[in-house]
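1. have a look at this prediction, sequence included:
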There are 2 protein chains.
Amino acid sequence: MPEAQAALTDARIDCLQYCNWSRKIFSQMREGGLDAVHVTVCYHEDFGQTVANLADWNRLFQDHEALIMPGRLAEDILAARQSNRTAVFFGFQNCSPIEADIGLVEICHQLGVRFMQLSYNNQSLLATGCYEADDPGITRMGRQVIAEMNRVGLVVDMSHSSDRSTLEAIEVSSRPIAITHANPSFWHPALRNKSDTVIKALAESGGMIGFSLYPHHLREGSACTLENFCEMVAKTAERFGIEHIGIGSDLCQDQPDSIVEWMRNGRWTTERDFGEGSADKPGFPEQPSWFRDSRDFPNIAAGLRDVGFDDESVAAVMGNNWLRFFEQSFVSARI
Amino acid sequence: MPEAQAALTDARIDCLQYCNWSRKIFSQMREGGLDAVHVTVCYHEDFGQTVANLADWNRLFQDHEALIMPGRLAEDILAARQSNRTAVFFGFQNCSPIEADIGLVEICHQLGVRFMQLSYNNQSLLATGCYEADDPGITRMGRQVIAEMNRVGLVVDMSHSSDRSTLEAIEVSSRPIAITHANPSFWHPALRNKSDTVIKALAESGGMIGFSLYPHHLREGSACTLENFCEMVAKTAERFGIEHIGIGSDLCQDQPDSIVEWMRNGRWTTERDFGEGSADKPGFPEQPSWFRDSRDFPNIAAGLRDVGFDDESVAAVMGNNWLRFFEQSFVSARI
């Protein structure tokens, strides 16, 4: 086996973070052994505002070049490993950056974006968010945009979308899609978690789900135990196949509570929306003790071993499955 | 009766035009006796592009000040009449100018906008367009935006929206809403025309419908006779009450066919959408012979008399009903 391949048999990938980026956080990614992270670069921003965020990232890559590098294709993960860095892949949690212009799909891809949610919590021009009362499925523009995303190599992410839209996205998309950060409803029936129907259709179409460590997505929230989490992973693997699961921690490290308020409210409402929180608990919930931040990825690997995963299965969940998905999803990428 | 009141017992108002504006067209408005016109200033444009359109209108008001003037409140129609001009009221056929920012509702109102469709043909952030396969009703953001429109005095227009969204808009809105340009489905069952259920709910809530002269909305299209059109008006008055009807001609005078292609396709699709047209008839349809342009409003008044309307009823349909609606809808307007 060539060395390049060997180096990647244990890729460690977190398929969703939105932190208040700093040298400390990038150093902790290295401590936790992360070869790649998918980072959110948009929640509500339009195209121009998103470009400003990307310009900020260009600066971060310069300022922290010993710790991080831009991730565009799967092979960048090997380059990151070989230089002891973490490859950073960009994604949108909303379709707001493409505004009403399908031409911006390819433009965003050219700027390095590799994931786009078709909706955040609300109805978008493309699909329905999980907080809407009703879901009419993928819209007319949505069908056009999915085809364009398939063409350029931009992954459809349905983490915050509701069931019908997600099932239709799986059906309409010619390439496997992702749910980068959510857990199964059978384990914890939060609005943001995913039904068996959705996970089954996702897995059967070659898609991936990344398990979230965000307390609102965990059974018993911040008090969830590592063992309980890992048993959920085992059960999901058993039901839907181990090759379709990974981690998407949804880590929002060092963010002030004003950020979660902005995530929920953007500028779309005059009333205050609490999303997964509530009026008495409006802020970010506390992380579980065994997953404070990127330093604790080894805890998850150990937890998986403890509930019976063998080495190959641990490696699959900790990043090899995402690596394979990246290899398939970005092949036609033009950068 | 004071003279001011007397002067307005026969206001003539067209509640929708989107022409390739010119001195010729403004002169024809005067020839046809139009005291006020609601003009479209946005189909797909975002906020910045819409502001550019408004700046173009500011220039038109300067260049043609003998023929037109800005319309902001109902009383501007009297001022227009007294100075032999036509008052021009602004409206959006889409909610794209407010983007994802509810704060832009009041900003657009401050810039003189008085009508906003919650959607054009497709799903928007607020409501569903009549070309979508399914309609989930008013969205979460839509409910917030309707309340804000009610507050500032911006009229909800559902001309291009589908049934459920329209019925919910009527229910959610604390002020009467408008369908500025459409005809009843009972007369011509085009996708853009309105069901009895919708017109009934609209009328019962104090709303208004403006009859369209756009051939795709007419029975027998361009060949529709004046008599047939006026009989439809009579039947609608009989079914739903004469006080809820007016004219919204949807006149698109002197526009090249590239404009109707843009209306239908904007920048949302890579395939070509023909809307109410078809691949073999992609352009603007020919106007009926008795309504070439604004000069022919007297033909409609005469046609209404011919099918039995008395003078007061003719005046109601030709503009007095819209005048009353404008008086009610813009009272809290701040300009």
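-> Received the coordinates, thanks.

2. every contact and neighbour count from this point should use C-alpha atoms.
-> Noted.

3. isn't residue A:149 right up against residue A:143?
-> No: between residue A:149 and residue A:143 there is no contact under CA atoms under 8 Å: 10.0 Å.

4. these two: which has the busier surroundings?
-> Counting neighbours by other CA atoms under 10 Å in any protein chain shown for residue A:149 and for residue A:143 shows that residue A:149 has the greater number, 22 against 17.

5. which element follows the host helix or strand of that one toward the C-terminus?
-> Counting by DSSP states H and E, the element that carries residue A:149 is helix A:140-152. Beyond helix A:140-152 in the direction of the C-terminus, DSSP H and E gives the next helix or strand as strand A:155-157.

6. contacts for the helix or strand that that following strand is followed by next, please.
-> Per DSSP H and E, the first helix or strand lying C-terminal to strand A:155-157 is helix A:163-172. Among residues not part of helix A:163-172, those counted as contacts by CA atoms under 8 Å, 6 or more residues apart in numbering or on different chains are A:127-128, A:130, A:135-138, A:143, A:146, A:156, A:158, A:176-177, A:194-195, A:198, A:201-202, A:205.

7. which residues in chain A form helices?
-> Per DSSP state H, chain A carries helices over the ranges A:3-6, A:23-31, A:47-63, A:75-82, A:103-110, A:140-152, A:163-172, A:196-204, A:226-240, A:257-265, A:297-306, A:311-315, A:321-329.

8. dump the ones you listed into CSV; add mean pLDDT as well.
-> Putting these into CSV (pLDDT from 0 to 100) gives the following:
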stretch, mean pLDDT
helix A:3-6, 46
helix A:23-31, 98
helix A:47-63, 95
helix A:75-82, 96
helix A:103-110, 94
helix A:140-152, 97
helix A:163-172, 98
helix A:196-204, 98
helix A:226-240, 98
helix A:257-265, 94
helix A:297-306, 98
helix A:311-315, 98
helix A:321-329, 97
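
9. make JSON lines out of those helices and add distance to residue B:271.
-> What follows is the helices of chain A, written out as JSON lines (distance: least, CA to CA, whole Å):
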{"stretch": "helix A:3-6", "distance to residue B:271": "42"}
{"stretch": "helix A:23-31", "distance to residue B:271": "43"}
{"stretch": "helix A:47-63", "distance to residue B:271": "23"}
{"stretch": "helix A:75-82", "distance to residue B:271": "34"}
{"stretch": "helix A:103-110", "distance to residue B:271": "12"}
{"stretch": "helix A:140-152", "distance to residue B:271": "8"}
{"stretch": "helix A:163-172", "distance to residue B:271": "16"}
{"stretch": "helix A:196-204", "distance to residue B:271": "27"}
{"stretch": "helix A:226-240", "distance to residue B:271": "36"}
{"stretch": "helix A:257-265", "distance to residue B:271": "33"}
{"stretch": "helix A:297-306", "distance to residue B:271": "45"}
{"stretch": "helix A:311-315", "distance to residue B:271": "43"}
{"stretch": "helix A:321-329", "distance to residue B:271": "24"}
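
10. spell out which parts of chain A neighbour chain B.
-> Residues of chain A found near chain B, taking CA under 8 Å from any CA of the partner chain as the criterion, are A:44, A:100-103, A:122-126, A:132-137, A:139-141, A:144-145, A:266-271.

11. quick one: which of those sit in strands?
-> When strands are assigned by DSSP state E, not one member of the residues of chain A next to chain B lies inside them.

12. among those residues, name the buried ones.
-> Those of these that meet the buried threshold are A:44, A:100-103, A:122-126, A:132, A:134-137, A:139-141, A:144-145, A:266-269, by 16 or more other CA atoms under 10 Å in any protein chain shown.

13. need the contact list for the residue in the stretch 101-250 of chain A positioned nearest to chain B.
-> Each residue of the stretch 101-250 of chain A has a distance to chain B, by CA to the nearest CA, and the smallest belongs to residue A:101, at 4.7 Å. Contact criterion CA under 8 Å, 6+ apart gives B:266, B:267, B:268 as the residues in contact with residue A:101.

14. any chance of CSV for the residues you listed, columns pLDDT?
-> CSV is the format used below for the contacts of residue A:101 (pLDDT from 0 to 100):
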residue, pLDDT
B:266, 95
B:267, 95
B:268, 96
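
15. what's the closest of those to residue A:322?
-> Of all the contacts of residue A:101, residue A:322 sits closest to residue B:268, with 30.9 Å by CA to CA.

16. ok, residue A:283 touching residue A:262?
-> No: under the criterion of CA under 8 Å, residue A:283 is not in contact with residue A:262, lying 10.7 Å apart.

17. between the two, which one's more packed in?
-> The neighbour count for residue A:283 versus residue A:262, taken as other CA under 10 Å, is higher for residue A:283 (17 against 14).

18. from residue A:264, how far off is the residue nearest to that one when sequence neighbours are not counted?
-> If you skip the residues right next to it in sequence, residue A:283 has residue A:257 as its closest partner in space, 4.8 Å away by CA to CA, 6 or more residues apart in numbering or on different chains. Taking CA to CA, to the nearest Å as the criterion, residue A:257 is separated from residue A:264 by 11 Å.

19. also residue A:255?
-> Computed as CA to CA, the residue A:255 to residue A:264 distance reads 14 Å.

20. looking at the two, which is more packed in?
-> When residue A:255 and residue A:264 are compared for neighbours, residue A:264 comes out ahead with 21 against 14, by other CA under 10 Å.
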